[in-house]
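Undergrad: pasted the sequence and its predicted model underneath.
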Amino acid sequence: MKKRILIVDDEVKFTRLVKSYLEQTNLYEVREEHRGLDALQTAQAFQPDLILLDVLIPDQDGTQVAAQLKAHKQLKRIPIIFLTVVVSQEEVEALNGVIGGYPFLAKPLKLEGLMESVERYLGAPPSRADQRVRPTRRPPDTRRAR
């Protein structure tokens, strides 16, 4: 079953890029929301496993959206990763990727860094060895008789 990720960001091109990148792995189902005011309702309907939330959304501040999500009985345990242009990647790293109790990723994103953060909160995908088809019956003994 695919993990669900909700991206809340007013930049449509950005959310489409991130959605495409995550969905091409075939591990995630991603939904976009471009208005902070609609994020709570979208999260209730979609029930994501992780939320990527922009700090600066014109109609409602990302920290306000996070507070609403954390106050909601069904949504309060969903991890939130903030996305921001307010701090640099170096500042995020200096703070161990956490500001105000929330993990942060600096924009512009490095897609590999995004994937590492997603995997940190949703679990790493199975290794290629785990994805191999395993035989259901024992193969015949190929050893030579002595």
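TA: Perfect, thanks for sending it.
Undergrad: OK, contacts around the residue most central in space within the chain?
TA: The centroid of the chain falls nearest to Val118 when counting by C-alpha atoms, centre = their mean (4.2 Å). Contacts for Val118 (C-beta atoms under 8 Å, 6 or more residues apart in numbering) come out as Ile5, Leu22, Tyr28, Leu50, Ile81. Yep, even glycine has a C-beta here, placed from its N, CA and C like the rest.
Undergrad: which residues does Lys76 contact?
TA: Lys76 makes contact with Leu69, Lys70, according to C-beta under 8 Å, 6+ apart.
Undergrad: ok, back up a step: what mean pLDDT does the helix or strand encompassing the residue nearest to the centre of the chain have?
TA: Per DSSP states H and E: Val118 is located in helix 111-122. The pLDDT scores in helix 111-122 average 90.
Undergrad: chain center to it: distance?
TA: Relative to the centre of its chain, helix 111-122 is centred 7 Å away, using C-alpha atoms, centre = their mean, to the nearest Å.
Undergrad: cheers, nothing more for now.
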